[in-house]
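Peer 1: show me the folded form of this:
(chains A and B)
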2 protein chains.
Amino acid sequence: MLTAYGYSTSGNCWKVKTILELTGHAFKWVEINSNAGETRTQKFLALNPNGKIPIVELDNGEVITESNAILLHFAQGTRFLPPPGLARTRVAEWLFFEQYSHEPYIAVGRQLVSFLGGKEKNAARLPEIWERGHKALKVMETRLAAHKYLAGDSLSIADIALYAYTHRAGEGDFDLTPYPGLRAWLARVAAEPGIVSMQPARTAVS
Amino acid sequence: MLTAYGYSTSGNCWKVKTILELTGHAFKWVEINSNAGETRTQKFLALNPNGKIPIVELDNGEVITESNAILLHFAQGTRFLPPPGLARTRVAEWLFFEQYSHEPYIAVGRQLVSFLGGKEKNAARLPEIWERGHKALKVMETRLAAHKYLAGDSLSIADIALYAYTHRAGEGDFDLTPYPGLRAWLARVAAEPGIVSMQPARTAVS
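Peer 2: Numbering: from 1, shown residues only, chains lettered A, B, ... in the order given. Now for the predicted structure:
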């Protein structure tokens, strides 16, 4: 059986749990608290030298890292990843956008506000994070104002990757009121069979 | 004919030029200086709402964004991207590693040291960037100490994506001496047919 290692309040880990469930894979979940240093142990670094969750260990012992590579791996051949060509490339664009232009602000803002000390303690870093996070939300709104899904006409791993932290953006004090297309998309994805909301931040510090 | 928009001293843009040449695509190159605000014009934002280079405009007017999505798009069906399965997933892992754990430090360090004011002006930001950049280089060394290429046994877009900024890491004051496997890999990739070094940083400020 597959073993997924992750932290239940992490959006990157939520992606993995969600794609495994949507594609009907049985798996064992091993909870790893990255905020408590559990990704920096010798044992974990032997699984992923980059010291990051989520990872998935296959039956043969091979380990897959990087949440969006895991999405691509398990979505292959399913309705969540279109065949090669421009349709698949549109999915890939959103996956890289998520890791470079979205997660470092939407996820990190949430991490600082709700897990690592709150707004006062992180007052120096948060304004830039909020500014760049809103820039990413605006890019999503540009697409979602006129389309039901981020890539193509149905749910794909692009939506799964972006839904992960966006549906908890409020925990980073991101106000989604200015983004009606994005809010409609959040409701649409939430209504899809097999989409279960991520566990809320455990410590509301601010 | 394809039109690629990019900045010749950007590693992300170098990736695009390289894959188009390796796969035999004719293209027109439009130079866009992102350091001079040319990605923030209304005209450019109409092509990419995220305001980033590189982008590729196809014959039918469709625009592809995100350097690593562009690599995946043009490598499809070539020797630079393995067929679906674990071999392809290994490539995807490195592409996401590059954008999340490598580029924000190796490329941004180079940008600050060689383009945006130099070491003194950026003294507050650089130590953390150097620390995280060396962490990424160590992850690469873990693989390259025992393997010729990042993914599989031959050159793939994983190598192209990581070579981009790594072969110019010295322009960000990253000393590669501690990474013999990585240095051997740099020489190996440089010797591959069709790999041409990126234009050096134009302004050595420090």
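
Peer 1: return the residues of chain A in contact with chain B.
Peer 2: Where proximity means CB under 8 Å from any CB of the partner chain, the interface of chain A facing chain B comprises A:49-50, A:52, A:58, A:62, A:64-69, A:72-73, A:76-77, A:84-86, A:88-89, A:92-93, A:95-97, A:99-101, A:103-104, A:138-139, A:142-143. (Each C-beta comes from the backbone N, C-alpha and C, glycine too.)

Peer 1: tell me the domain boundaries of chain A?
Peer 2: Chain A resolves into domains spanning A:2-75, A:86-190 when parsed by automatic domain parsing.

Peer 1: export the ones you listed to a markdown table and tack on mean neighbour count?
Peer 2: What follows is those, written out as a markdown table (neighbours: other CB atoms under 10 Å in any protein chain shown):
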| stretch | mean neighbour count |
| --- | --- |
| domain A:2-75 | 18 |
| domain A:86-190 | 20 |
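
Peer 1: quick one: those domains as TSV, columns for mean pLDDT too.
Peer 2: Formatted as TSV, those follow (pLDDT from 0 to 100):
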stretch	mean pLDDT
domain A:2-75	96
domain A:86-190	97
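
Peer 1: figure out which of the ones you listed is closest to B:K28.
Peer 2: domain A:86-190 (19.6 Å; CB to CB).

Peer 1: about what we covered before: so which of the residues of chain A next to chain B sit within strands?
Peer 2: A:I64, A:T65 (DSSP state E).

Peer 1: quick check: longest helix of chain A.
Peer 2: When chain A is parsed with DSSP state H, its longest helix is helix A:126-144.

Peer 1: got the contact list for that one?
Peer 2: A:97, A:101-102, A:104-106, A:108-109, A:112-113, A:119, A:150, A:162, A:166, A:169, A:172-174, A:176, A:178-182, A:184-185, B:49-50 (CB atoms under 8 Å, 6 or more residues apart in numbering or on different chains).

Peer 1: could you tell me which of these belong to helices?
Peer 2: A:97, A:104-106, A:108-109, A:112-113, A:119, A:162, A:166, A:180-182, A:184-185.

Peer 1: sticking with A:P193, tell me its helix or strand.
Peer 2: Remark: A:P193 resides in no helix or strand, with elements defined by DSSP states H and E.

Peer 1: can you give me phi and psi for it?
Peer 2: phi -60, psi 130 (degrees, to the nearest 10).

Peer 1: ok, now which ones touch it?
Peer 2: A:P193 neighbours (CB under 8 Å, 6+ apart): none.

Peer 1: so it versus chain B, what's the distance?
Peer 2: Relative to chain B, A:P193 is positioned 25 Å away (CB to the nearest CB, to the nearest Å).

Peer 1: and A:A201, what pLDDT?
Peer 2: pLDDT for A:A201: 83.

Peer 1: what's the distance between it and A:N33?
Peer 2: 13 Å (CB to CB, to the nearest Å).

Peer 1: ditto for A:F44
Peer 2: For A:F44, the distance to A:N33 equals 11 Å [CB to CB].

Peer 1: what do you get for A:Q76?
Peer 2: 30 Å.

Peer 1: now do A:L155
Peer 2: Distance from A:L155 to A:N33, by CB to CB: 30 Å.

Peer 1: that older thread, closest to chain B out of the ones in helices among the contacts of helix A:126-144?
Peer 2: Using CB to the nearest CB, A:F97 is the member of these that lies nearest chain B, at 6.2 Å.

Peer 1: which ones are touching the closest one?
Peer 2: So A:F97 contacts A:A136, A:V139, B:N50, B:T65, B:E66 (CB under 8 Å, 6+ apart).

Peer 1: cutoff 10 Å now
Peer 2: Counting by CB atoms under 10 Å, 6 or more residues apart in numbering or on different chains, A:F97 touches A:103, A:136, A:139-140, A:150, A:158, A:161-162, B:50, B:52, B:65-66, B:69, B:99.

Peer 1: do the same with A:S10
Peer 2: By CB under 10 Å, 6+ apart, A:S10 lies in contact with A:16-17, A:32-35, A:52-54, A:67, A:107, A:110-111, A:115, A:164-165, A:198-199.

Peer 1: so A:Y100 makes contact with B:L95?
Peer 2: No: between A:Y100 and B:L95 there is no contact under CB atoms under 10 Å: 11.1 Å.

Peer 1: where do the contact lists of those two overlap?
Peer 2: Among the neighbours of A:Y100, those also in contact with B:L95 (CB under 10 Å, 6+ apart) are B:E66, B:S67, B:N68.

Peer 1: export those residues to a markdown table and tack on distance to A:G194?
Peer 2: Formatted as a markdown table, these follow (distance: CB to CB, whole Å):
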| residue | distance to A:G194 |
| --- | --- |
| B:E66 | 27 |
| B:S67 | 32 |
| B:N68 | 28 |
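
Peer 1: what packs against whichever strand or helix holds A:A187?
Peer 2: A:A187 belongs to helix A:180-190 when assigned by DSSP H and E. Helix A:180-190 sits against helix A:126-144, helix A:157-166, with contacts defined as 3 or more CB pairs under 10 Å, 6 or more residues apart in numbering or on different chains; DSSP states H and E.

Peer 1: as CSV, those helices with distance to B:T39 would be great.
Peer 2: As requested, the helices and strands packed on helix A:180-190 are exported to CSV (distance: least, CB to CB, whole Å):
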stretch, distance to B:T39
helix A:126-144, 13
helix A:157-166, 22
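
Peer 1: hey, what's in contact with both of A:A201 and A:N33?
Peer 2: A:T9.

Peer 1: contacts for the helix holding A:A187 next, please.
Peer 2: Counting by CB under 10 Å, 6+ apart, A:137-138, A:140-150, A:155, A:159-160, A:162-163, A:166-167, A:169, A:176-177, A:179, A:195-197 sit against helix A:180-190.

Peer 1: how far off centre is the helix or strand hosting A:W29?
Peer 2: Element membership for A:W29 (DSSP H and E) is strand A:27-31. Computed by CA atoms, centre = their mean, to the nearest Å, the chain-centroid distance of strand A:27-31 equals 17 Å.
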